[in-house]
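*Asks:* Okay, structure incoming, though there's no sequence with it:
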């Protein structure tokens, strides 16, 4: 959460841990079944004496009950129950101009319900044709929402807190990627381009044939908060970056044949980076390489419509854990304030907190190529990198900052 506290479910309990001291500050006991989701309420609204900062947390269990907590006092502010099946996903609305108490939840099999989390009242309910697995809000437009369903993706463009979406959304089908570098032996020079060409056809409005594998093995869907109109799809062995304006796959992050599959990914909003959790408990950070474009070989005809290719370089990783039948990684969270630390929840009750450290020496900075984007560094200001031995201030003219 924004205040540096980590919340997680352990059986029917919700534990609050201070990331700085590793101390358990609060244990919330009211659920009768195993907790499956916890979400901190956002605090991006104007605060004053009448609207003070608060520690609000929503937790959901396998019986479909959602409890909104006042963490400071350890009391439940309200309880919500719609069905008796586990909550698949829930999110607080990030656009809090209208109300800071709105919570959207997926109630199986195919309902999304908007709740007032302060009073526990249901504002509206909407059903869809397919089973809903999860959803993601567009961080640049509060009226846009994407649903990951059992058959494809449903894009909703008329989301509103005041009424349920009128339409059933735009449905697109995406086949499972079979042509990433992890599955085919491709030439080094054109491997990424061939892989991109083969997965460009993934997005279509037509239902795929029966023999093609659909989104069943897709683990996660998320808009990129650092780039408008981009989305990522997480598969066990690859991450696909989609450009929603041209409906094409513009990036493939693939794991080698001997690599450890993905479990979860958290995209950053302050820089174009991805925190990735692997099945062995290793957390990796991949940062997008700047100035990437798809280029063909000299023998190929030039592409009349070149696509900006996104390449993410591995910049940091932590140690793996010893995975056994009873010890395995559950989930990863990232600090939403500075995005420089991540916490890993392990099935044996451990919470492992990792912090990014900048270790770029002066010699490495001189020798590093300009295409490698800095992880985070004081020598980069307003998107314009300043050289290691450059004393002049960066150009802050308006036309230089636009589009950076």
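*Replies:* In hand now; what should we look at? All figures in this text were calculated on a predicted structure; none of them were measured in a lab. Numbering: from 1, shown residues only.

*Asks:* what bridges to the residue nearest in space to the middle of the chain?
*Replies:* For the chain, the residue nearest the mean C-alpha position is residue 266 (3.9 Å; CA atoms, centre = their mean). Residue 266 has these beta-bridge partners by DSSP bridges: residue 275.

*Asks:* I'd say it and residue 334 touch.
*Replies:* Yes: taking contacts as CB atoms under 8 Å, residue 266 lies within contact range of residue 334: 4.7 Å. Just so you know, the C-beta spots here come from the backbone N, C-alpha and C atoms, and that holds for glycine as well.

*Asks:* what touches both of the two?
*Replies:* 275, 342 (CB atoms under 8 Å, 6 or more residues apart in numbering).

*Asks:* Mind pulling up the pLDDT for residue 50?
*Replies:* Reading off the confidence values, residue 50 has pLDDT 77.

*Asks:* wait, residue 307
*Replies:* So residue 307 comes in at 61 (pLDDT).

*Asks:* Same question for residue 136.
*Replies:* For residue 136, the predicted pLDDT is 95.

*Asks:* Which secondary structure state does it sit in?
*Replies:* strand (DSSP: H, G, I helix; E, B strand; the rest coil).

*Asks:* and it, how many neighbours does it have?
*Replies:* Applying other CB atoms under 10 Å, we find 22 residues neighbouring residue 136.

*Asks:* same check, this time on residue 144
*Replies:* Counted with other CB under 10 Å, residue 144 comes out at 18.

*Asks:* For the nearest residue to it once chain neighbours are set aside, give me its contacts.
*Replies:* Distances taken as CB to CB, 6 or more residues apart in numbering place residue 138 nearest to residue 144, at 3.6 Å, with adjacent residues excluded. Neighbouring residues of residue 138 by CB under 8 Å, 6+ apart: 144, 145, 146, 223.

*Asks:* Compile those into CSV and extend it with columns for secondary structure.
*Replies:* Formatted as CSV, these follow (three-state DSSP):
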residue, secondary structure
144, coil
145, strand
146, strand
223, strand
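
*Asks:* returning to what we had before: so what pLDDT did the residue nearest to the centre of the chain get?
*Replies:* Reported pLDDT for residue 266: 96.

*Asks:* so who does it touch?
*Replies:* 274, 275, 332, 333, 334, 342.

*Asks:* Helices along this structure, start to end?
*Replies:* For the chain, the helices defined by DSSP state H occupy 191-199, 362-367, 398-401.

*Asks:* how close does residue 45 get to residue 66?
*Replies:* To residue 66, residue 45 is 21 Å away according to CB to CB, to the nearest Å.

*Asks:* Comparing those two, which residue is more hemmed in?
*Replies:* residue 66 (25 against 11).
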